[in-house]
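**Q** okay, sequence plus prediction incoming.
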Amino acid sequence: MRGLMQDRPLLLSSIAEFAERSHGDVEIVSRRVEGDVHRHTYREAFARSRRLANALDALALKPGETVASLAWNGYRHFELYFGVSGSARVLHTVNPRLTIEHVQWILNHAQDRALFFDLTFLPIVQKLHQACPAIGVYVALCSEADLPQGSGIPNLMSYETLIGAHSDRYDWPQFDEHAASSLCYTSGTTGKPKGVLYSHRSSVLHAYAVSLPDSLNLSARDTILPVVPMFHVNAWGLAYAAPAMGSKLVLPGQSLDGASLCKLIEDEGVTLAAGVPTVWQGLLDHADAGRIRFRTFRRTVIGGASCSRAMYDGFTGRHGVEVLHAWGMTETSPLGTASAPRRAPADMTADERASVALSQGRAPFGVELRIVDESGAELPRDGLAAGELQIRGAWVLSAYFGADQPEALTTDGWFATGDIATIDGDGFMRITDRAKDVIKSGGEWISSAELENIALAHPGVLRAACIGVKHARWDERPIVLVMTRPDASVTREALLALYTDRVAKWQVPDDIVFVDDLPLGATGKLLKHTLREAWRDHLLAATQ
Ligand code: ADP
């Protein structure tokens, strides 16, 4: 109809064009696998993405075909994000922390045609390349001089030689915004990994949503450090949102220990960083030990697992760094909620501020949440009723990738997350558990997350896992497995005492067990099913 708005497709290449035009001089700083720190600008990065697009044309990779990456957060990986997706191919970011069987399964399931990898992952590629017949192109993300000789990988090329052979003149194609842009598999802690296929439209809308003031509040004045890997839900969308906002981008490579991150934050003037609690614990410990006073670091986004009160107190109380708690999943791009308050901080008590910050947060415009009981009926938003969390919206999946997958949505079109949550009158959502982790004691639910957070409040506790184990009378009872800090003196009695004022008597764990290690999965989360297996008969044994 004449007079309607222009129909410009929401394509990821439009982010590249915008950032190049309006923020071309803004830096991307990367700590490289080679050991040094590399710097270039959005202008240079996108010129190299265009060289890559020409190279993919020359390799006869067709639109819609998948190109896999096995790479850390670095500038070449960033260039792939735009060179591959912008030229209408699909970037499949593979999580190298998965087992080699899962990596191989994923590469074959996605029918990847090419694989670009950091040299760190050469041993993985050497092990699996013969079992991945669809892959015809192998590219090491390095210069010709660093290309390994005699690797055994057919026609292995260096990235620099590949893109160096092509022009940086390339017109980004215009196509339907519903076309696929990237692919990411969930870590598959239960069963086989499941693929989630993002579209250009969903990724661009998500980049806007992530940047909003009540989401991560990104701007051209920010310097952003995504510690969350680019192989995990597109670094929570930051690899797109940073150039869309013109923020400086700092990419940490493989050194994610506290000392390396603190140095990068200080050297580069990072204002906002994003990562999972296990990584932030390392940073916090290092900052505490060195009594570091951050110069520019003001906000940290914590997601992927719940942020404890102790971590919140550490960042806000000791280091003046605001904690933004966020919740999401691979299936939701990932932003589902973020914990920005609705009222001015000055109008809230310290406890109210902490309670809001430690909730998983509110959904931004663009996604909707609801909680339901076991029959599927919606539960009230009173902050008390807990049920399964469901979500729908423009960046939530409609189905898993591939024909062999189970349905992802309810009959009325919502994605059932498998998380158990409450939602209060202000819209703040609080995860109480994952459905498979919830403890059912005598027919009542006990939140493992809540019991873990109480143990974590003890300064000597480094990591805690609460699991349900078999019980003769109550079916299941909670026990808490605790990993202490080196040199800390923590007793079972001291920890049990923490519970008595904080939870109902029947929710107090039946035992606290000190362990040397608590296993983490490929995305830094506790492997609870392994722990449940190992400790299943713990209380039965005790009562015999
Ligand atoms: P997976 O671990 O299955 O690969 P994701 O990495 O997509 O999946 O993680 C999604 C899950 O992580 C959510 O369903 C939720 O259980 C958990 N999660 C994410 N963010 C938070 C948070 N802020 N608090 C508690 N749990 C979280």
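**A** Here it is on my side, so go on. Residues are numbered from 1 along each chain as shown.
**Q** for Pro226, give me phi and psi.
**A** phi -80, psi 100 (degrees, to the nearest 10).
**Q** go on, Asp25?
**A** Main-chain dihedrals, Asp25, degrees, to the nearest 10: phi -90, psi 0.
**Q** Thr41 is in contact with that one, correct?
**A** Yes - when contacts are counted by CB atoms under 8 Å, Asp25 is listed as touching Thr41 (5.5 Å). (C-beta placed from N, C-alpha, C; glycine too.)
**Q** looking at these two, which one has more neighbours?
**A** Set side by side, Asp25 and Thr41 show more neighbours around Thr41, with 17 against 10, by other CB atoms under 10 Å.
**Q** and the gap between the more buried one and the ligand?
**A** Applying CB to the nearest ligand atom, to the nearest Å, the value for Thr41 to the ligand is 32 Å.
**Q** who touches stretch 168-181?
**A** 9-14, 16-17, 47-48, 50-51, 53-54, 63-64, 85-88, 90-91, 197-201, 203-204 (CB atoms under 8 Å, 6 or more residues apart in numbering).
**Q** show me what residue of the stretch 151-300 of the chain gets nearest to the ligand.
**A** Nearest to the ligand, among the residues of the stretch 151-300 of the chain, is Ser187, at 3.4 Å (CB to the nearest ligand atom).
**Q** isn't there a helix covering that residue?
**A** No - assignment of Ser187 by DSSP: H, G, I helix; E, B strand; the rest coil gives coil, placing it outside any helix.
**Q** tell me the predicted confidence for it.
**A** Predicted confidence (pLDDT) for Ser187: 72.
**Q** contact residues of the stretch 351-500 of the chain facing the ligand?
**A** 360, 417, 419, 431, 434 (CB under 6 Å from any ligand atom).
**Q** got a list of what Ile28 touches?
**A** Residues in contact with Ile28 (CB under 8 Å, 6+ apart) are 39-42, 45, 75, 78, 248-249, 251.
**Q** quick check: bridge partners of it?
**A** His40, Leu249 (DSSP bridges).
**Q** for the closest residue to the ligand within the stretch 1-150 of the chain, which non-adjacent residue is closest in space?
**A** Nearest residue of the stretch 1-150 of the chain to the ligand: Asn95, at 8.5 Å (CB to the nearest ligand atom). Distances taken as CB to CB, 6 or more residues apart in numbering put Phe231 closest to Asn95, at 4.8 Å, once the chain neighbours are dropped.
**Q** quick one: mean pLDDT for stretch 366-374?
**A** Stretch 366-374 shows a mean pLDDT of 96.
**Q** sorry, that was for stretch 499-506
**A** When pLDDT is averaged over stretch 499-506, the result is 87.
**Q** hmm, who's touching it?
**A** Residues contacting stretch 499-506 (CB under 8 Å, 6+ apart): 441-442, 444, 450-451, 454, 507-509.
**Q** show me where pLDDT drops low in this protein?
**A** 188-191, 542-544 (pLDDT under 70).
**Q** among the contacts of stretch 499-506, which one sits closest to the ligand?
**A** Of the contacts of stretch 499-506, the one sitting nearest to the ligand (CB to the nearest ligand atom) turns out to be Glu450, at 11.6 Å.
**Q** for the helix or strand hosting the closest one, packing partners?
**A** Per DSSP states H and E, Glu450 falls inside helix 448-456. The contact analysis (3 or more CB pairs under 8 Å, 6 or more residues apart in numbering; DSSP states H and E) places helix 448-456 against helix 309-312, strand 429-434, strand 461-471, strand 475-484, helix 492-500.
**Q** in CSV: those, plus mean neighbour count.
**A** As requested, the helices and strands packed on helix 448-456 are exported to CSV (neighbours: other CB atoms under 10 Å):
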stretch, mean neighbour count
helix 309-312, 18
strand 429-434, 21
strand 461-471, 22
strand 475-484, 21
helix 492-500, 14
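**Q** rewinding a little: buried ones only from the contacts of Ile28, please, as a PyMOL command.
**A** Per 16 or more other CB atoms under 10 Å, the buried members of the contacts of Ile28 correspond to this PyMOL selection:
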select buried, resi 40+41+42+45+75+78+248+249+251
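**Q** and the biggest helix by length in the chain, what does it pack onto?
**A** As assigned by DSSP state H, the longest helix anywhere in the chain is helix 42-58. Packing contacts for helix 42-58, counted by 3+ CB pairs under 8 Å, 6+ apart, involve helix 12-23, helix 75-86, helix 159-164.
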